[in-house]
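A.B. asks: Attaching a predicted model along with its sequence, questions to come.
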Amino acid sequence: MRAGLGELVATTARVRDQVESVVTGRPDLARLTVAVLLAGGHLLVEDVPGVGKTTLAKALARTIDSRVGRVQFTPDLLPSDLTGVNIYRSTTGEFEFRPGPVFNNVVIGDEINRASPKTQSALLECMEEGQVTIDGSTYALPQPFLVVATQNPVEMEGTYPLPEAQRDRFMARLSVGYPDNQAEMRMLDAQTSADPLEHLETVTHADTMLRFAGWIRAVHAAPAVKQYILDLVGRTREHPGLRLGASPRASLQLLKVAKAHAAMAGRMHVLPDDVQALAIPVLAHRLVLSTESRLGGLDASGIVEEVVRQTPVPTRADVPVGGAAAHHQPR
């Protein structure tokens with residue numbers, strides 16, 4: 001009964017180990033990235049230049065035998081540069097569809113905030129619908145489908161910041177951050193003589209990850225855990241320091257990625273610990289601070305931490321680990 005879950009745990013652990021060998025000192029980043037992939041979401045990576053945002057996405061793609069597309073967003077990038085275009089062939093007298101880089105399992109969008117809102121919307125439509133419509137014809141995108149979009153939140157001149165409604169389409173946001181001294185020393189030792197991505201091993205395939213994603217939906221979440229998610233999200237909507245709280249989409253995506261987090265830990269049931277571990281990356285980027293909060297030096301992550309501290313946690317008696325969970329083991 002538990003053989004399938006054991007395969008998921010072992011495989012995702014190997015994927016995380018490979019990613020962590022490149023992005024040193026932050027095992028939580030690899031765990032979150034894999035969880036978002038399994039949950040069918042997309043990832044927004046925000047940080048200053050040179051800390052490994054693009055390397056993180058490339059490492060994941062290299063570790064999983066999948067099709068990879070990369071787009072460098074620029075102000076003159078057109079939607080058709082992403083989605084593809086119909087080309088007229090004079091020899092046949094017919095149009096031929098030339099697919100764009102979104103027709104890959106992992107799509108890396110570098111500096112998404114440098115593209116125009118029209119081009120940003122084209123990518124976000126692909127993320128939401130899982131398909132592309134061009135000249136009246138609809139083309140399904142490959143599965144699994146993960147967009148890892150990066151942006152630099154510091155250098156904003158000449159950029160088009162993502163509106164709140166578009167940021168809400170990303171399941172989670174992470175910041176790589178500066179490595180500690182020991183991690184940076186390991187990087188100097190290992191990455192000055194060779195490209196670290198060249199030494200990564202392919203440990204699984206896209207079809208396997210898609211199969212795992214199907215199992216994630218069977219992970220059990222007790223009513224008390226679901227109510228806990230609703231309580232957290234509801235408190236963001238009532239918080240005096242916020243002008244805009246988390247949306248219902250946030251509730252749904254927090255539950256989905258919590259299920260993936262639980263499965264990667266070898267459980268077929270969600271615990272409040274899973275929800276707490278993911279609350280900041282899933283909720284913080286969706287919140288809009290009030291003017292008073294910004295002037296007071298508050299940030300969205302700090303407010304989510306406060307909400308988690310103040311929200312009562314379900315007791316063990318309210319979160320059964322047997323019953324329904326035992327009947328949903330992958331085979």
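C.D. replies: Noted; the coordinates are in hand.
A.B. asks: Tyr228 versus the nearest residue to Gly245 once chain neighbours are set aside, what's the distance?
C.D. replies: Nearest residue to Gly245, sequence neighbours excluded (CB to CB, 6 or more residues apart in numbering): Arg237, at 3.3 Å. Yep, even glycine has a C-beta here, placed from its N, CA and C like the rest. Taking CB to CB, to the nearest Å as the measure, Arg237 falls 16 Å from Tyr228.
A.B. asks: Looking at the two, which is more packed in?
C.D. replies: The residue with more neighbours, out of Arg237 and Tyr228, is Tyr228; 25 against 12, by other CB atoms under 10 Å.
A.B. asks: Helix, strand or coil: sort out the more buried one for me.
C.D. replies: helix (DSSP: H, G, I helix; E, B strand; the rest coil).
A.B. asks: Counting neighbours, what do you get for Val45?
C.D. replies: 26.
A.B. asks: any weak-confidence spans in the stretch 151-300 of the chain?
C.D. replies: Along the stretch 151-300 of the chain, segments meeting pLDDT under 70 span 154-158, 177-180, 183-184, 186-195.
A.B. asks: run the last query once more with 50
C.D. replies: In the predicted model of the stretch 151-300 of the chain, no residue satisfies pLDDT under 50.
A.B. asks: all helices of it, in order?
C.D. replies: 164-167, 181-191, 206-216, 223-238, 248-264, 272-283, 291-295, 300-310 (DSSP state H, counting those that start in this stretch).
A.B. asks: Out of these, which is closest to Ala122?
C.D. replies: helix 164-167 (11.3 Å; CB to CB).
A.B. asks: what packs against the closest one?
C.D. replies: Secondary-structure packing of helix 164-167 (3 or more CB pairs under 8 Å, 6 or more residues apart in numbering; DSSP states H and E): helix 117-129.
A.B. asks: Can you point out the buried residues in the helix it packs on?
C.D. replies: Buried residues in helix 117-129, counting neighbours by 16 or more other CB atoms under 10 Å, are found at Thr119, Gln120, Ala122, Leu123, Leu124, Glu125, Cys126, Met127.
A.B. asks: So which residue is smack in the middle of the chain?
C.D. replies: Leu43 (2.7 Å; CA atoms, centre = their mean).
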